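Chemist: Requesting a structural model of the entry that follows:
(chains A and B)
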Amino acid sequence: MTSAAPAEPFVVDLNHSRTALQVHTEAQVLYTHIAVRPPARDDAVPAPPLNMCLVLDRSTSMTGERLDTARSSAVEIIRLLRPQDRFGLVTFSDKAELLIPSDAHLSPTAANSRLSEIQTSGATEILKGLRAGMEEVRRGAVGGTIDHLILITDGRTYGDEQACMDLADEAALEGIEITAIGVGEAWNDIFLDALAAKTGGQAVYIENISTLNRMLKQKFRELGLVYADQISLVIDTAPGVMLQSSFRTSPAPTPLPGGTTLRLGSLFSGTSLSLLLQFVISTIPEPLASFEVCTMHFGAHLSQTNMHLKSSLALSFPVLKEAAPAPISGQLLTAARSVNLYHLQEKALSDARSGDAELGTRRLNRLATQLLEIGQGELAQSVIAEAEALAQDHKLTERGQKRVKYGTRALLEAHAEGPR
Amino acid sequence: MITCQRCKASLFLGTLFCPECGLMVDEDAASPTVSLPVDEVEEITTKPRQTQGPAMLTRQDSIAVRVMGQQDYILGRAEATQAILPDIDLNRYGAHEKGVSRLHCHLRYEGDSLMVVDLGSANGTFLNGTRLTPERPMPLSENDTISLGSLKVQVFRKV
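Modeler: Reported below is the predicted structural model:
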């Protein structure tokens, strides 16, 4: 079922796996794919000023190519700034320093000179960097700006995780989005995923530092195309209905934690923001003209006009004794397949962490089989390598599990629309 | 509840993909038993998607594979330690002695065409006597013979 509501300022497409629910003595599953996009004529208006802070880990492990590449990438970004943009840079290890204030408007040469002062030393204390970076973004958040913090780290932080999460909650409330970039294999993916997701942002895995420059430029270009940000969806499920899974499939595919309050991040001009929801609906004993699954409350900040919008939609279906299967859109099917594979690897990694190597290995092997079947041979090989490591050593490799996790997530990117 | 055709997990009605093994769920076919009606056929228990799976007929110097019921099959030699098992295990036909690799070749439909792809096997896949380039799909015609090492396999489709 598809419904397109051309009402301004968004176009929303809804696709469901069923056109009707079935009278059933047991639970049934409903998938809903939601795609939100700007109206066709949105591209004439320039995006608002960017207020960005780069928070760069300068702990000892960043020595050498990692720091050099981060420096040169920062200079590249500075080169791309428009006059109205603000760009700050904070470095941190066990303390934080504001190296480039966001209102300094340094030339690339001056910035390069400033960046050459960075010395690596000490441990990774992310809270210190995050606090200083947030402070800098807050200083530049004068209203009508795209407020964004990019954290680059290659290490784990210890003891301050909860304080970082609390800070991310504050960022979400203030409309500051966090992108967390993990370099190499030693960083804590679970932590950075959760941190970024709280704000509608994403965690990115960079296996090889040489890709940082391209990734940052892409992020910068995207932020210059923001049509709406601080997009949220609150899903108020009806009694007997559970939201089992929610996943942003585009842009930046990522699972969405937070129960029924979903922070979806930004929508870029000329693209769609898509998500896949999976509901489990308990017993429905008799036919009904209409069964309400949930009410969805949509919220967004329209960047170009600096307006906050809210809108609600009830999702209802008839309940029939024999609900004939209806055609399912290819978009929904593709999303459901990839999200399912992502969840399968999550289960396998969770098995491994909880010490059930046998079940984890079995699940990884099944995942590899599926990946091979959809032509993802390279990723399948990574999965097989981890299955073998788990079977033999009863543990996964840091690099391998990140490859599997972010590789499976990236399956959705192949189907995403827009400039990514 | 419905049952996954591959891993037998119990699934809620309406599930599109099995959360335990990733297989696409076909509700009409999600019955727990698959039967193969042909007398001479040996049952293959991997990945049946419809009411009939692949069927194999043994002959003296070759085997015949009917390709039906799903879109693709991997032919090879299963071993207990193997991460990915082939859909069609050729061990019972002396696969090891005949030089069949564990994941030897792939049969798959592309539209209406049935293709064979060598998966980088040690002793090669031969189509009517010509060795295939690994990873390059080649179309199969009805009754073509492919050789996996020295094991001959005749491929035909179920009408």
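Chemist: Give the burial count for residue 121, as a bare number.
Modeler: In the absence of a named chain, chain A is used. The local packing count at residue A:121 equals 12, with neighbours defined by other CB atoms under 10 Å in any protein chain shown. C-beta: built from backbone N, CA, C; applies to glycine.
Chemist: you looked at the wrong chain, it should be chain B
Modeler: By the other CB under 10 Å criterion, the neighbourhood of residue B:121 contains 20 residues.
Chemist: would it count as being in a helix?
Modeler: No: with DSSP: H, G, I helix; E, B strand; the rest coil as the criterion, residue B:121 is assigned coil and is not in a helix.
Chemist: if I pick it, what's in contact with it?
Modeler: Residue B:121 sits next to B:100, B:101, B:103, B:104, B:105, B:134, B:148, B:149 when contact means CB atoms under 8 Å, 6 or more residues apart in numbering or on different chains.
Chemist: export those to CSV and tack on secondary structure?
Modeler: Rendered in CSV, the data for the contacts of residue B:121 read as follows (three-state DSSP):
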residue, secondary structure
B:100, coil
B:101, coil
B:103, strand
B:104, strand
B:105, strand
B:134, coil
B:148, strand
B:149, coil
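Chemist: Name the nearest of the residues you listed relative to chain A.
Modeler: When those are compared for distance to chain A (CB to the nearest CB), residue B:103 wins out at 8.5 Å.
Chemist: hey, what's the nearest residue in space to the closest one that is not next to it in sequence bridged with?
Modeler: In space, and not counting its chain neighbours, residue B:103 is closest to residue B:76: 4.6 Å by CB to CB, 6 or more residues apart in numbering or on different chains. In this structure, residue B:76 has the following beta-bridge partners (DSSP bridges): residue B:89, residue B:103.
Chemist: For residue B:76, give me its contacts.
Modeler: With contacts defined as CB under 8 Å, 6+ apart, residue B:76 is in contact with B:86, B:88, B:89, B:90, B:95, B:100, B:101, B:102, B:103, B:104, B:105, B:119.
Chemist: Make a markdown table from these and add neighbour count and pLDDT to it.
Modeler: Conversion of these to a markdown table gives the following (neighbours: other CB atoms under 10 Å in any protein chain shown; pLDDT from 0 to 100):
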| residue | neighbour count | pLDDT |
| --- | --- | --- |
| B:86 | 24 | 81 |
| B:88 | 23 | 81 |
| B:89 | 20 | 82 |
| B:90 | 23 | 85 |
| B:95 | 22 | 84 |
| B:100 | 29 | 89 |
| B:101 | 22 | 86 |
| B:102 | 21 | 84 |
| B:103 | 20 | 85 |
| B:104 | 28 | 89 |
| B:105 | 26 | 89 |
| B:119 | 19 | 84 |
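Chemist: can you put those residues in CSV and add distance to residue A:14?
Modeler: As requested, the contacts of residue B:76 are arranged in CSV below (distance: CB to CB, whole Å):
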residue, distance to residue A:14
B:86, 41
B:88, 42
B:89, 45
B:90, 48
B:95, 51
B:100, 50
B:101, 47
B:102, 45
B:103, 41
B:104, 45
B:105, 43
B:119, 41
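Chemist: what helix or strand does residue 78 sit in?
Modeler: I'll assume chain A. Residue A:78 is located in helix A:65-80, with elements delineated by DSSP states H and E.
Chemist: Any chance you could list what contacts that helix?
Modeler: A:54, A:56, A:58, A:62, A:87, A:89, A:106-108, A:111-112, A:115-116, A:118, A:120, A:152, A:154, A:183-184, A:209-210, A:212-213, A:216-217, A:220-221.
Chemist: And stretch A:284-299, by the same measure?
Modeler: Contact partners of stretch A:284-299, identified using CB under 8 Å, 6+ apart, comprise A:12, A:21-25, A:28, A:30, A:36, A:230-238, A:241, A:243, A:279, A:281, A:308-321.
Chemist: Would you state the predicted confidence (pLDDT) at the closest residue in space to residue A:163 that isn't next to it in sequence?
Modeler: For residue A:163, the nearest residue in space outside its immediate sequence neighbours is residue A:127; the separation is 5.1 Å by CB to CB, 6+ apart. Confidence per residue is given as pLDDT, and for residue A:127 that number is 97.
Chemist: Compute the distance between residue A:127 and residue A:21, please.
Modeler: From residue A:127 over to residue A:21 the distance is 47 Å, taken as CB to CB, to the nearest Å.
Chemist: the more surrounded of these two?
Modeler: Neighbours per residue (other CB under 10 Å) separate residue A:127 from residue A:21, with residue A:21 holding more: 23 against 19.
Chemist: Tell me who's in contact with the more buried one.
Modeler: A:28, A:30, A:281, A:284, A:291, A:317, A:318, A:319, A:320, A:323.
Chemist: hang on, the earlier thing: farthest pair in the contacts of residue B:121?
Modeler: Farthest-apart pair in the contacts of residue B:121 is B:100 and B:134; separation 14.9 Å (CB to CB).
Chemist: residue ranges with poor pLDDT in chain A?
Modeler: Low-confidence regions of chain A, defined here as pLDDT under 70, cover residues A:1-7, A:41-45, A:414-420.
Chemist: and the longest helix that it contains, how far from the chain's centre?
Modeler: Across chain A, the helix with the greatest residue count (assigned by DSSP state H) is helix A:330-353. Remark: helix A:330-353 is offset 15 Å from the chain centroid, using CA atoms, centre = their mean, to the nearest Å.
Chemist: which residue does the stretch 201-350 of chain A bring closest to chain B?
Modeler: Across the stretch 201-350 of chain A, no residue is closer to chain B than residue A:340, which sits at 3.9 Å (CB to the nearest CB).
Chemist: So in terms of bridging, what pairs with the nearest residue to that residue once chain neighbours are set aside?
Modeler: Closest residue in space to residue A:340, ignoring its immediate chain neighbours: residue B:17 at 3.9 Å, by CB to CB, 6+ apart. Counting by DSSP bridges, residue B:17 forms beta bridges with residue B:24.
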